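K.L.:
sequence first, predicted coordinates after that:
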Amino acid sequence: MRISKRIFKLFFPREIMIKITFLGTADSIPSVNRNHSAILITYSGENILVDCGEGTQRQFRKAGLNPCKISKILITHIHGDHILGLPGLLKTLAMSGYNKKLEIYGPRGIKFFLKDLFKLFSMGNEFPIEVKEVEGVFFENPDFYLESKKMDHNVPCNAYSFVKKSQIRIDKEKLSKSKIPPGKHLLELKQGKNIQYNGKKYLLKDLTFKEEDKKITIILDTGLNSNSNILAKNSDILICDSSFGEDFKDKAKEHKHLTAGEAAGIAKKSKSKKLILTHISQRYDRRRKNILDEAKKIFKNSILVNDLDVLEL
């Protein structure tokens, strides 16, 4: 499957989609083509921003997205390429009339860091902001949950999973063949019950199917560690740090980052379905195929994304 600036769909297209927008795919130094790290997950009214590197709010503009729709921000760690876009973004939200409570989650130390950041830039009182240090499942509602695990970096660092819960879905083709029109009578199907319509009983199993969990895992700056495999287990999409190729494997280890091959190893061990390579060093701008080929040797279903690419599943 070819990546382009167009949206591409990986799963059943008739239900509410999860959309992933890659606002920034560079490593610590941006290039002409790649901005600092930022990934937006959009689902059913939620807009969850993972990291906010410098220039993120401009990437929102390029992508045609409204930053005022952000509901949650997940920070992996406090290195500049993952967080220095936050002051500008928050100022933009304040000046644009953002009036919701913004939830910011991160690793140990994020509260202290953001308190100083807000003080430095004279911000934090324009709208409600709640900051939480998290590990494990830290948010859950009837539709999805968010989970984090510690990574191995040179500052406290989290990786995150977004999991859309399994649901009973109505099979529209079977419904049409049964000549049952839309209406309140279908609510019982969604609740896992048989229904009566025009005096006839219809069985749940004949009109529905079960949609399994859909899981997106984002692992950015880290060295190899067992938590990566645990968090990524059975992911539909694994988005992973691929800062280096095998030619700089020692450098990757020294700076606690991953090579493309190591990212592929995590995808394989965790039984993920698809691997997305990101956080790409500018040294590979003209050798992108090398990075992708290294991953594909280990995990065939690998893709290397560019800024403003969008996935739907």
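P.N.:
Okay, I see it. Bear in mind the structure is a predicted one, so any value in this text is a computation, not a measurement.

K.L.:
contact partners for Ile104?
P.N.:
Contacts were defined as Cβ atoms under 8 Å, 6 or more residues apart in numbering; by that measure Ile104 touches Lys72, Ile73, Ile75, Ile110, Leu114, Ile129, Glu130, Val131, Lys132. Just so you know, the C-beta spots here come from the backbone N, C-alpha and C atoms, and that holds for glycine as well.

K.L.:
likewise Glu262?
P.N.:
Residues in contact with Glu262, defined by Cβ under 8 Å, 6+ apart, are Leu224, Ala252.

K.L.:
look at Lys251 and give its secondary structure.
P.N.:
At Lys251, secondary structure determined by DSSP: H, G, I helix; E, B strand; the rest coil is helix.

K.L.:
relative to Lys193, how far out is the residue located most distally from the centre of the chain?
P.N.:
Centroid-distance maximum for the chain: Gly199 at 46.2 Å, with Cα atoms, centre = their mean. Gly199 is 17 Å from Lys193, where distance means Cβ to Cβ, to the nearest Å.

K.L.:
ok, Lys172 next?
P.N.:
Taking Cβ to Cβ, one finds Lys172 at 18 Å from Lys193.

K.L.:
can I get the contacts of Ile104 in JSON lines with distance to Gln282, pLDDT and secondary structure?
P.N.:
Conversion of the contacts of Ile104 to JSON lines gives the following (distance: Cβ to Cβ, whole Å; pLDDT from 0 to 100; DSSP: H, G, I helix; E, B strand; the rest coil):
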{"residue": "Lys72", "distance to Gln282": "30", "pLDDT": "98", "secondary structure": "strand"}
{"residue": "Ile73", "distance to Gln282": "26", "pLDDT": "98", "secondary structure": "strand"}
{"residue": "Ile75", "distance to Gln282": "23", "pLDDT": "98", "secondary structure": "coil"}
{"residue": "Ile110", "distance to Gln282": "28", "pLDDT": "96", "secondary structure": "helix"}
{"residue": "Leu114", "distance to Gln282": "29", "pLDDT": "93", "secondary structure": "helix"}
{"residue": "Ile129", "distance to Gln282": "33", "pLDDT": "93", "secondary structure": "strand"}
{"residue": "Glu130", "distance to Gln282": "36", "pLDDT": "95", "secondary structure": "strand"}
{"residue": "Val131", "distance to Gln282": "32", "pLDDT": "96", "secondary structure": "strand"}
{"residue": "Lys132", "distance to Gln282": "34", "pLDDT": "97", "secondary structure": "strand"}
